[in-house]
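J.: Predicted model, plus sequence, below.
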Amino acid sequence: MGWNTIAWRYPHPITEGIPSGSYFYFVHSYHPTTSDPSLVLGETDYGVTFPSVLARGYLVATQCHPEKSGRDGLRLYRNFVRWAREGAPVPAAASAP
């Protein structure tokens, strides 16, 4: 629980302008797991490295709380809204079936 960094694994429209290693706010110790590494957009280390942002097609899920994460969290939301409005293509790593 608290502030921690997210390392981006590949470029994605929602991460534009947010450096890898930026801090986001996490409110609990639960985290997702996946057997498909292509779904992992962002990773966080908290004793173990875990997927903190998952993306597939036009679906994106965060384990952190962007709304509580200051400027970078709000940037992530703005990027998402812009991406949705523009109908931008899905990055290759996020479009795997």
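T.: Now that the structure is in, tell me what you want to look at.
J.: pLDDT below threshold where in this protein?
T.: Where the chain drops to pLDDT under 70, the residues are 92-97.
J.: try 90 this time
T.: Scanning the chain with the threshold set as pLDDT under 90 gives 1, 28-33, 47, 57-59, 84-97.
J.: the helices in it, which residues?
T.: For the chain, the helices defined by DSSP state H occupy 70-86.
J.: which residues in it form strands?
T.: 2-8, 22-26, 40-45, 49-56, 59-62 (DSSP state E).
J.: Distance to D72 for these - can I get that in a markdown table?
T.: (Each C-beta comes from the backbone N, C-alpha and C, glycine too.) As requested, these are exported to a markdown table (distance: least, CB to CB, whole Å):
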| stretch | distance to D72 |
| --- | --- |
| strand 2-8 | 9 |
| strand 22-26 | 5 |
| strand 40-45 | 12 |
| strand 49-56 | 12 |
| strand 59-62 | 12 |
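J.: Those strands: which one's closest to P32?
T.: strand 49-56 (5.5 Å; CB to CB).
J.: which residues sit in contact with the residue nearest the centre of the chain?
T.: Geometric centre of the chain, nearest residue: V53, 3.4 Å, by CA atoms, centre = their mean. V53 makes contact with 6, 8, 40-42, 60-64 under the criterion CB atoms under 8 Å, 6 or more residues apart in numbering.
J.: repeat that for 10 Å
T.: Counting by CB atoms under 10 Å, 6 or more residues apart in numbering, V53 makes contact with 6-9, 12, 14-15, 24, 32, 39-44, 60-64, 66, 76.
J.: Just the buried residues of these.
T.: 6, 8-9, 12, 14-15, 24, 39-44, 60, 62-64, 66, 76 (16 or more other CB atoms under 10 Å).
J.: didn't W83 look like it was pressed against G57?
T.: No - when contacts are counted by CB atoms under 10 Å, W83 is not listed as touching G57 (11.9 Å).
J.: Between these two, tell me which one has more neighbours.
T.: More crowded of W83 and G57, by other CB atoms under 10 Å: W83, with 18 against 10.
J.: give the contact list for the closest residue to that one other than its chain neighbours.
T.: Of all residues not flanking W83 in the chain, P13 sits nearest, at 4.0 Å (CB to CB, 6 or more residues apart in numbering). When contacts are counted by CB under 10 Å, 6+ apart, P13 is found next to 55, 60, 79-80, 82-84, 86, 88-91, 94.
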